[in-house]
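Asks: Here is a sequence with its predicted model. Questions after.
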Amino acid sequence: MTLHRPITVIDLGGQYAHLIASKFRGLGYHAVIADPEAPLEEIAKSCGVVLSGSPSLSAYDEDGSAVRRILDLPLPILGFCFGHQEIAKHYGGTVIHGQPEYGPSTLTITRESPIFRGVPEKSVVFMSHGDTVTAVGPGFHEIGTSAAGDGPVHRFAALADEERRRWGFQYHPEVDDSVYGHVMLGNFAELCGCEKTWDAAHLLPEKLEAIRRDAAGRDVFLLVSGGVDSSVVAELLLQALPPERVHMLHVDTGFMRDQESAEVRRLFEDRVGERFHFVDASARFFEALAGVVAPEEKRRIIGELFITVCEEEMSRLSLSDALLAQGTIYPDTIESGGTRRAHVIKTHHNRVPLIEEMIRAGRVLEPIADLYKKEVRDLGRALGLPAAWIDRHPFPGPGLAVRVLNADGRVPEELGSVQAGVDAAGWPAGVTATVLPLRSVGVKADLRSYELPLCLSGPRPDEDLVAARLKTLTGINRIVWNLGPAFDRVTVVPGDCTPERVRTLQAADALVTAALRGQGLMDAVWQFPVVLLPLSFSDDPAGCAVVLRPVSSERGMTARVPGLPQAFFDQVVPRILALAGVTTVLLDLSTKPPGTIEWE
Ligand code: XMP
């Protein structure tokens, strides 16, 4: 089928620009991404334009002029978050710094608009902004307001000038948590006159052709983890290139799941025989991480050592001139600050400086770097991969190393003031709110946060209460609920990612996976990290705590906490508590944002 003229998504650097294009494609519409400085005549060939969000704290920054030229194009234009503010401003409205909103809010439609066809008067949308529109210029109308729970009403959550064909949403309709977001995107595509001509099969010939062109007669060396992404790349390479040119390597870092490296080895040895190579580098990784607490430092060390090991292997196998292939997908790039304007949330191990250098030298092949997990899975299906490979839960490159948190014994200096703010907030009867003495990574308004988790004890906290408190409490980016015994105090237990701690985590993780499989719940969650905290909730001076982090998500860019049956917790919690050294089990109740899926 011939592709219709695309909808062009202008990437202003938000965490979600590619997600927007991916969403349109998921609906069957052809969508492409462009920089604001892309030639205007190219952008003008689109059937419509979307302006993404941006981490720029002010809506009055350097991008202004490029965006204004685009806004003068005679095409339908829809803006989200920063893009929404740019539209308001360009046509005489006012934007101020303040009135931030994070997480779910209720959108109320206040005026009829074709952009809202099929959307109920009230629906949940996802917010992540620090600047706000406070007035619109001539021709524009407010078409929606927002409010979280019974909090204050935020004006101009959605605005429109139907005649000029300009629409703006303060929220992110592209994230799955904006329940009717896909309907609004579909309405915009229709208002642009775009036709549904796109599906995942369009990707396959394009991808195979690109691999043949980029590999240009060279050997290719692929790093396989056993996850969906590298398995899809493996299959793409095997279908695109002569088999004798495709070599594979699996590195056991010591931070894989229980038995996982052995399974990967079996799987790929069956598929490619002696062109599959295996290295056990676990001792080197454990040594390199000794004494390291900062998550970004851990990620950097793991990423660099990983590449060093790969280069050693390539040289040993006389494959140093081969291209290095990776199963990098789009969120790895965006969250590593890999597009020009995005903020570094976490450096994924396939985006460390050494790799960046190899990319610049033209030595890296990343055939799926522009795709989201969902598209990778669709592509895997188009390639004929078995369902059991395609539907595995995502697993981070640095593996369990980012799920075993380290501590040097120091208590974060802000603990007292954050606890005072928590106490002042007031809590329902029977609920105890304890700020935990360690930091974890989160994301607020497109920026990285490194703040403290709040642990609630007592009856299960209400979802709205958690959402409201995550929005308002200073210095807190996660809320967990204690599923273990009552405790009097929490102490920091100094220590590293030692083999013993990793084994405890592997055991807890294996119990969770077994219960999910046994109870038919693998599809009920998108991913289920299990995390080990260097915190003792009892008198055990070497104790630890285990966090359960089930999430529902489609692409990992945002996440919610899925409901799981009580029988699941009844099975896993006592078994995890029975593991040596485990003093409690916590359930992470945080949405993303403000918590990220992984704790580091
Ligand atoms: P966060 O923690 O940023 O994670 O909410 C979003 C998704 O990305 C995965 N993740 C990684 N994947 N290399 C990867 O390939 C990495 O370094 C990495 N860090 C996080 C995470 O598991 C989740 O699915």
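Replies: Received, thanks.
Asks: Pull the residues that contact the helix or strand where residue 23 lies.
Replies: In this structure, residue 23 sits in helix 17-26 according to DSSP states H and E. Helix 17-26 has contacts (Cβ atoms under 8 Å, 6 or more residues apart in numbering) with 7, 9-11, 30-33, 50, 52-53, 80, 174-175, 181-182, 185, 189, 198, 330, 334, 339, 370-372, 374-375, 555, 557. (Each C-beta comes from the backbone N, C-alpha and C, glycine too.)
Asks: Narrow those residues to those in helices?
Replies: The members of these that map onto helices under DSSP state H are 181-182, 185, 189, 330, 334, 374-375.
Asks: among those residues, which two are most distant?
Replies: The span of the ones in helices among the contacts of helix 17-26, defined through Cβ to Cβ, is set by 189 and 334 at 22.9 Å.
Asks: buried ones in the helix or strand where residue 271 lies?
Replies: Here residue 271 sits within helix 260-272, counting by DSSP H and E. Across helix 260-272, burial judged by 16 or more other Cβ atoms under 10 Å covers 260-261, 264-265, 267-269, 271-272.
Asks: Export those to CSV and append columns for distance to the ligand and pLDDT.
Replies: As requested, the buried residues of helix 260-272 are exported to CSV (distance: Cβ to the nearest ligand atom, whole Å; pLDDT from 0 to 100):
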residue, distance to the ligand, pLDDT
260, 14, 90
261, 16, 94
264, 15, 89
265, 20, 93
267, 19, 85
268, 18, 91
269, 23, 93
271, 21, 88
272, 22, 92
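Asks: for those, which one is nearest residue 287?
Replies: residue 261 (18.4 Å).
Asks: from memory that closest one sits against residue 250, does it?
Replies: Yes. Counting by Cβ atoms under 8 Å, residue 261 touches residue 250, with 6.6 Å between them.
Asks: quick one: common contacting residues for these two?
Replies: Common neighbours of residue 261 and residue 250 (Cβ under 8 Å, 6+ apart) are 226, 278.
Asks: least trustworthy helix or strand in this protein by mean pLDDT?
Replies: Taking mean pLDDT, DSSP states H and E as the measure, the chain has helix 330-335 as its least confident helix or strand, at a mean of 68.
Asks: Check whether stretch 423-440 comes near the ligand.
Replies: No. Using Cβ under 6 Å from any ligand atom, we find that stretch 423-440 stays clear of the ligand, coming within 9.7 Å at best.
Asks: List the residues that contact the residue in the stretch 101-250 of the chain that the ligand sits nearest to.
Replies: At 7.0 Å from the ligand, residue 229 is the closest residue in the stretch 101-250 of the chain, using Cβ to the nearest ligand atom. By Cβ under 8 Å, 6+ apart, the residues touching residue 229 are 327-329, 368, 373, 376.
Asks: In these, find the pair that's most separated.
Replies: Greatest spatial distance among the contacts of residue 229 (Cβ to Cβ): 328 and 373, at 12.1 Å.
Asks: Comparing those two, which residue is more hemmed in?
Replies: Higher neighbour count among residue 328 and residue 373: residue 328, with 28 against 23, using other Cβ atoms under 10 Å.
Asks: Distance-wise, check the more buried one relative to the ligand.
Replies: 8 Å (Cβ to the nearest ligand atom, to the nearest Å).
Asks: repeat for residue 572
Replies: 20 Å.
Asks: I'd say that residue and residue 510 touch.
Replies: No. Between residue 572 and residue 510 there is no contact under Cβ under 8 Å: 10.5 Å.
Asks: CA atoms only: put whichever helix in the chain runs longest into CSV for me.
Replies: Scanning the chain for the helix with the most residues, using DSSP H, yields helix 295-316. Only the C-alpha atoms of helix 295-316 are listed here, as CSV (Å, rounded to 0.1, in the frame of the first residue of the first chain):
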residue,chain,number,x,y,z
PRO,A,295,23.5,5.0,40.0
GLU,A,296,24.9,6.9,37.1
GLU,A,297,28.4,5.8,38.1
LYS,A,298,27.3,2.2,38.3
ARG,A,299,25.7,2.4,34.9
ARG,A,300,28.9,4.0,33.4
ILE,A,301,31.2,1.3,34.9
ILE,A,302,29.0,-1.5,33.8
GLY,A,303,28.6,0.0,30.3
GLU,A,304,32.3,0.5,29.8
LEU,A,305,33.4,-2.8,31.2
PHE,A,306,30.8,-4.5,29.0
ILE,A,307,32.3,-2.9,25.9
THR,A,308,35.8,-3.7,27.0
VAL,A,309,34.9,-7.4,27.4
CYS,A,310,33.2,-7.3,24.0
GLU,A,311,36.2,-5.7,22.3
GLU,A,312,38.5,-8.3,23.9
GLU,A,313,36.3,-11.0,22.5
MET,A,314,36.2,-9.5,19.1
SER,A,315,39.9,-9.2,19.0
ARG,A,316,40.4,-12.8,20.3
